[in-house]
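Colleague: Predicted structure and sequence below. I'll ask about it afterward.
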Amino acid sequence: GEMTGSPMLPPAAVTLGFRVADFDEWKALFDGNEQDRIDHGILGHHINRAEDDPNSLVVYLAVGDVEKATAWLASDALKALRETAGVSSTPVVNWMTPVRESVVWDRELPAMMVSHRVEDFDTWLAGYDAAGDLQRSSGVIGHAASRSIDDPSVATVYHQAESFEHLRTMMGSDELRTAMKAAGVVSQPEVTFHTGGWAKRYS
């Protein structure tokens with residue numbers, strides 16, 4: 001039957017940002033490489049295409065085995081596959097610890113990623129949880145939050161909505177600014193807009 005509640009969070013996740021020459025060609029090779037990912041400790045993926053450039057991708061990988069995944073990401077085999085798949089830039093790699101995950105997995109949706117530095121992560125997370133009503137009233141239907149492994153004072157949030165307008169309105173709202181300040185956000189948020197989806201859990 002349907003899974004209820006939040007699935008167990010993976011111990012780690014990584015995002016890979018890069019451009020491709022042709023999304024469909026890349027996607028066919030990416031899909032064909034799934035078993036390789038499974039063998040190297042990857043649990044699932046979620047693909048995001050930049051709103052203003054659909055060939056600019058951020059691929060989210062849920063990671064069960066960090067050591068295996070790290071070795072795989074640095075491997076010559078993967079490098080060769082990237083070249084075949086038309087990846088035109090060295091991926092920008094971000095490792096993170098997922099702390100919340102309630103995303104819509106089964107369809108493509110407008111999404112935004114927001115990264116900012118916070119004073120105290122636990123305080124921020126409590127504030128993030130408290131802002132659930134604000135998210136819902138702003139039209140957010142899926143969300144996730146994670147903590148950077150390289151810099152534990154950086155929080156990244158992922159929001160999905162039915163339209164980019166919902167997300168932009170929320171980002172611009174005084175209510176959100178107030179909530180962020182109260183939660184101890186100490187930097188200007190970095191915000192990017194994507195169409196997110198093409199997602200799969202491997203088990």
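Modeller: Done, it's in.
Colleague: bridging residues for the most centrally placed residue in the chain?
Modeller: Centroid-nearest residue in the chain, with Cα atoms, centre = their mean: Y60, separated by 5.0 Å. Counting by DSSP bridges, Y60 forms beta bridges with T15, H46.
Colleague: how much space between it and S137?
Modeller: 26 Å (Cβ to Cβ, to the nearest Å). All C-beta spots, glycine's among them, are computed from the backbone N, C-alpha and C.
Colleague: What's the separation between the residue nearest to the centre of the chain and H45?
Modeller: Y60 sits at a distance of 6 Å from H45 (criterion: Cβ to Cβ).
Colleague: what about A155, helix or strand, and which?
Modeller: strand 154-161 (DSSP states H and E).
Colleague: Does anything pack onto that strand? Which helices or strands?
Modeller: Packing partners of strand 154-161 (3 or more Cβ pairs under 8 Å, 6 or more residues apart in numbering; DSSP states H and E): strand 109-117, helix 121-130, strand 140-148, helix 164-171.
Colleague: Need the mean per-residue confidence for it.
Modeller: Taken as a whole, strand 154-161 has an average pLDDT of 98.
Colleague: What of stretch 53-62?
Modeller: Averaging pLDDT residue by residue across stretch 53-62 gives 98.
Colleague: can you pull the contacts of the residue nearest to V66 when sequence neighbours are not counted?
Modeller: Here the nearest residue to V66 in space, its sequence neighbours aside, is A12; by Cβ to Cβ, 6 or more residues apart in numbering that works out to 5.0 Å. Neighbouring residues of A12 by Cβ atoms under 8 Å, 6 or more residues apart in numbering: 63, 66, 69, 95-98, 149.
Colleague: Buried ones only from the residues you listed, please, as a ChimeraX command.
Modeller: When burial is assessed using 16 or more other Cβ atoms under 10 Å, the buried subset of those is captured in ChimeraX by this command:
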select :63,66,69,95,96,98
